[in-house]
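> Sequence and predicted structure below; questions after.
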Amino acid sequence: MRVITESKLRAVLGGLPGTPRVVMSGNFGTPWRALSILDTAVAEYHLFALNAQPGVPDRDGVVLESAFVGPGMRRSERLRYFPCRLSLVPDLLIDALPPDVVLLHTSTPVNGTVSLGIEVNILPAAIDAALARGGLVIAQVNPRMPYTQGDAVLPADDIDYGIEVDEPLPSPQPRPASDVFRSIGERVAALVPDAATLQLGIGGVPDAVLDALASRRDLTVWSEMFSDGVLALDRAGAVDPGSPITASFVFGSPELYDWINRNPRIRLLRTEKTNDPGLIARHPRMVSVNGALQVDLFAQANAARVHGMIYSGFGGQTDFVVGSLHSTGGRAIIALPSWHPKADVSTVVPRLAGPVTSFQHSFIVSEQGTAAIWGHDAATQAGQIIDQVAHPSARDELWQAGRELGFRLP
């Protein structure tokens, strides 16, 4: 890696031919300074990132691309959404969307290596694809970035250019747990045995689940991501100290970033590994907990679209639902509030109007109760969803709609 000035990097990027495709660290590992330099140096380019945060360039000449849409791209008219399981996004970058430039946010060098820190995810695959076609790998080198282990460690020689930027890492805004989320968290926690392996998605419900698991023992974590809830769980003595905590990316508080820095128990791996359903299934008592925007009487979940418009995407939900169902003693849980307060509508609908994100779950949970899905016939599943998951004000309409859909309901 050759460390250069920002003006030199601007000149390097300004010399790129055509309309390059740039893949960058997403989530809370975005290399904001390097991205700003790119945007001033290159008139037209494609920008691919997962869960992009607000502030991503959105102007004429920039085409935004993602397989998991974050708030920085969600409402853009320039967005190209690529439906794809997270485990297959690396293949997408190799075959359909090969990068010309990869923008990283890394630690400072240690013994000829840097760490990708809080964001490994699809980046190793993007780096491989760029190097294979003679593309550029550029790092924003930051002493505040934790040095994490596993596939996060990258030879500094794989990076063409680096700029030095000393700035704190952003953290998500803390969200106080509502009574509804706490109730859901307690119901989900009741389904998690000791010595389970956990995967939890993003949001208030997974955070509430972690809060409710403090009394468990010998838990392990194999997840696409984790946040401060896992740190709290570890401090409560619920996590097996002899097992690694495995994920592909992390975001949370500065305290969390300090905890994962050079922590040998933390192992961040490539998406192809963490989200491989076959590897997930090897973990006994694998429990995946994911949210949804809607569920229907066919026990299908929509976690991707609102009124037909893309909200996020598949993410890792499909990977972990399949992997958990094939795990010995595994459970795939969808958890959501029974009512959407902003839209003032039921989150349980007769039939999803748009694409399905996942289906054939073990349990669906709301603050109203728990519907056992696995092992029951379709009519019993539908009846449990109405009786145990749906809000009471929506149940009469759902019973009638269920009968019209052909379910043999009372």
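It's in. Everything numeric here is computed off the predicted structure, so don't read it as measured data.
> So what touches the longest helix along the chain?
Residue-count comparison of every helix in the chain, with assignments taken from DSSP state H, identifies helix 392-404 as the longest. Around helix 392-404, the neighbours that count as contacts under C-beta atoms under 8 Å, 6 or more residues apart in numbering are 297, 338-339, 346, 348, 350, 368, 382-383, 386-387, 390, 409. The way it works is simple: take the backbone N, C-alpha and C, and place the C-beta from them, glycine included.
> mind running it again at 10 Å?
Where contact means C-beta atoms under 10 Å, 6 or more residues apart in numbering, the residues beyond helix 392-404 that reach it are 296-298, 338-339, 345-351, 368, 379, 382-383, 385-387, 389-391, 407-410.
> buried ones in it?
Buried residues in helix 392-404, counting neighbours by 16 or more other C-beta atoms under 10 Å, are found at 394, 395, 398, 399, 401, 402.
> which residues of the stretch 51-200 of the chain fall in strands?
62-66, 79-81, 101-106, 113-115, 136-141, 149-150, 153-155, 161-164, 197-200 (DSSP state E, counting those that start in this stretch).
> Please name the spatially closest residue to the spatially most distant residue from the centre of the chain (chain neighbours excluded).
Computed with C-alpha atoms, centre = their mean, the residue of the chain farthest from its C-alpha average is residue 410, at 39.4 Å. Setting aside the residues directly before and after it, residue 410 is nearest to residue 383 in space (C-beta to C-beta, 6 or more residues apart in numbering), at 7.3 Å.
> follow-up on the earlier one: does the residue farthest from the centre of the chain really touch residue 379, like I thought?
Yes. Residue 410 sits in contact with residue 379 when judged by C-beta atoms under 10 Å, with a separation of 9.4 Å.
> okay, now residue 14: neighbour count?
With neighbours defined by other C-beta atoms under 10 Å, the count for residue 14 comes to 13.
> just residue 203 next, same as before
Other residues near residue 203 come to 15 when the count uses other C-beta under 10 Å.
> And the helices in the stretch 251-400 of the chain?
With DSSP state H, counting those that start in this stretch applied, the stretch 251-400 of the chain shows helices at 254-260, 271-274, 277-281, 317-325, 378-384, 392-404, listed in chain order.
> now the first one, how far from the centre of its chain.
Counting by C-alpha atoms, centre = their mean, to the nearest Å, helix 254-260 is centred 19 Å from the centre of its parent chain.
> who touches it?
Residues beyond helix 254-260 that count as contacts (C-beta under 10 Å, 6+ apart) turn out to be 28, 117-118, 144-149, 152, 168-169, 171, 226-232, 234-235, 245, 247, 250-253, 265-266, 268.
> which of the contacts of helix 392-404 are buried?
Under a neighbour-count criterion of 16+ other C-beta under 10 Å, the subset of the contacts of helix 392-404 counted as buried comprises 296-298, 338-339, 346-350, 368, 382-383, 385-387, 389-391, 407, 409.
> buried stuff in stretch 299-310?
The neighbour-count criterion (16+ other C-beta under 10 Å) identifies 299, 300, 301, 302, 303, 304, 305, 310 as the buried residues of stretch 299-310.
> Now flag whichever of the residues you listed is closest to residue 130.
Compare each of the buried residues of stretch 299-310 with residue 130 using C-beta to C-beta and the shortest gap goes to residue 310, at 26.4 Å.
> Among the buried ones among the contacts of helix 392-404, name the ones in strands.
The strands in this structure, assigned by DSSP state E, contain 296, 339, 346, 348, 349 from those.
> which of these are the two that sit furthest away from each other?
296 and 339 (15.4 Å).
> Would you agree residue 127 is in contact with residue 116?
Yes. Proximity of residue 127 to residue 116 meets the contact threshold set by C-beta under 10 Å, at 9.2 Å.
> which residues are common contacts for those two?
104, 154.
> Between the two, tell me which one has more neighbours.
Set side by side, residue 127 and residue 116 show unequal neighbour counts under other C-beta under 10 Å, the larger going to residue 116 at 29 against 21.
> Sounds good, over and out.
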